[in-house]
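K.L.:
Below are the sequence and a predicted model for it; my questions follow.
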Amino acid sequence: MQDPQAPPWDLGPHLQVRIADDGVAHVIFGPAGGMPFTDVQGHAHLGTIWARLQATPGVRSILVRSEGKGFCAGGSPELVTAMLHSQEARLRTMQEARAIVQGMMDCDLPIVSAINGAAVGAGAAVALMADITVAGQRAKIIDGHTRLGVAAGDHAAVLWPLLCGMARAKYHLLLCNTISGKEAERIGLVSLAVADEELDTRALQIAQELARGSPTALAFTKRSLNHWLRAAWPAFEHSLALEMLGFAGRDAREGFAALNAKRPANFGGDQS
């Protein structure tokens, strides 16, 4: 395989796209060696990138991976701060979060994720919305929302009960547990878990195999299976709206302050 090339898209400093000659488009979180997160620019691009890749000639599958020490830690402090203090920011972020989930669901190309290290918040949403999810055994999947003091709203209500069952979904989302890649495989939250040193190779092999498959057969199978997600779409819309409502309240401000100070949050439920 030749070194993947970057198309002329300005996606900001934390997100890259490289197109390989084998038909695999690499969507890459960065920076290399650091902890990736989604800033304002990157969060917006994650809502539109899937349709753009589908329209790019020669792209047959998508591999979402990270060059950082984790997959993606979710929204940047600046993004969260804006949501805490601005209704405009909350409405914009809500529209983008909806576009991420719907964009990945509606994309006809098969999407594979390679989950290394921490996948939190929006990072967990992108990781788990992929069609085939490959996790390193020591990956750390955390929804993150209830720990921050807001509803689990950006993908979990529509996806987790289908993947691991309602009982486990409630257990992990309400308690905001850290789930290892090995445990995520055991409960059905990811497709498979592999040794961390084998993660990139195995995920790329799967993406390459998909790229060699029948585009129509894969697209039509994905469309058909995703009707299970579409049937649960009202739950997603409701959860996303409640998440944004929570960002306007006291508990979200307290949760964010507690995370920054690395102390337990003093939640009171007063949403004023």
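P.N.:
Looks like it came in fine.

K.L.:
Next SSE downstream of the longest helix along the chain?
P.N.:
When the chain is parsed with DSSP state H, its longest helix is helix 87-106. Where DSSP states H and E defines the elements, the next helix or strand beyond helix 87-106 is strand 111-115.

K.L.:
so how far is that next one off the chain centroid?
P.N.:
Chain-centre distance of strand 111-115: 10 Å, with CA atoms, centre = their mean, to the nearest Å.

K.L.:
Mind giving me the packing neighbours of it?
P.N.:
Where contact means 3 or more CB pairs under 8 Å, 6 or more residues apart in numbering; DSSP states H and E, strand 111-115 is packed against strand 61-66, helix 122-129, strand 132-136, helix 199-211. C-betas here are computed from N, CA, C, even on glycine.

K.L.:
Which one of these lies nearest to Leu84?
P.N.:
helix 122-129 (16.0 Å; CB to CB).

K.L.:
How about residues contacting the closest one?
P.N.:
With contact meaning CB atoms under 8 Å, 6 or more residues apart in numbering, helix 122-129 is reached by 29, 36-38, 43, 46, 64, 70-75, 97, 100-101, 104-105, 111, 113, 115, 119, 133, 135, 141-144, 154-156, 159-160, 163, 189-190.

K.L.:
starting at the chain centroid, how far to the strand or helix carrying Leu173?
P.N.:
Taking DSSP H and E as the definition, Leu173 sits inside helix 166-175. Centroid separation for helix 166-175 versus its chain: 18 Å, with CA atoms, centre = their mean.

K.L.:
Show me which positions of the longest helix of the chain end up buried.
P.N.:
Residues of helix 87-106 classed as buried: 89-90, 92-94, 96-105 (neighbour count, 16 or more other CB atoms under 10 Å).

K.L.:
Which of those sits closest to Ser224?
P.N.:
Taking CB to CB as the measure, Ser224 sits nearest to Met105 out of the buried residues of helix 87-106, at 12.3 Å.

K.L.:
give the contact list for the closest one.
P.N.:
By CB under 8 Å, 6+ apart, the neighbours of Met105 are 129, 226, 229-230.

K.L.:
same check, this time on Leu210
P.N.:
Leu210 makes contact with 60-61, 110, 112, 132, 218, according to CB under 8 Å, 6+ apart.

K.L.:
farthest-separated two in those residues?
P.N.:
It's Arg60 and Ile132 that sit farthest apart of these, by CB to CB, at 14.2 Å.

K.L.:
how close does the residue lying closest to Asp200 once chain neighbours are set aside sit to Ala157?
P.N.:
Excluding its sequence neighbours, the residue lying closest to Asp200 (CB to CB, 6 or more residues apart in numbering) is Ala114, at 5.9 Å. Using CB to CB, to the nearest Å, Ala114 is found at 25 Å from Ala157.

K.L.:
who's more crowded, these two?
P.N.:
Counting neighbours by other CB atoms under 10 Å for Ala114 and for Ala157 shows that Ala114 has the greater number, 27 against 23.

K.L.:
Check what pLDDT the more buried one gets.
P.N.:
As predicted, Ala114 sits at a pLDDT of 98.

K.L.:
so what's it up against?
P.N.:
Counting by CB under 8 Å, 6+ apart, Ala114 touches 63-66, 71, 134, 199-200, 202-204.

K.L.:
make it 7 Å
P.N.:
Going by CB atoms under 7 Å, 6 or more residues apart in numbering, Ala114 touches 63, 65, 134, 199-200, 203.

K.L.:
Before I go, just wanted to say thanks for your time.
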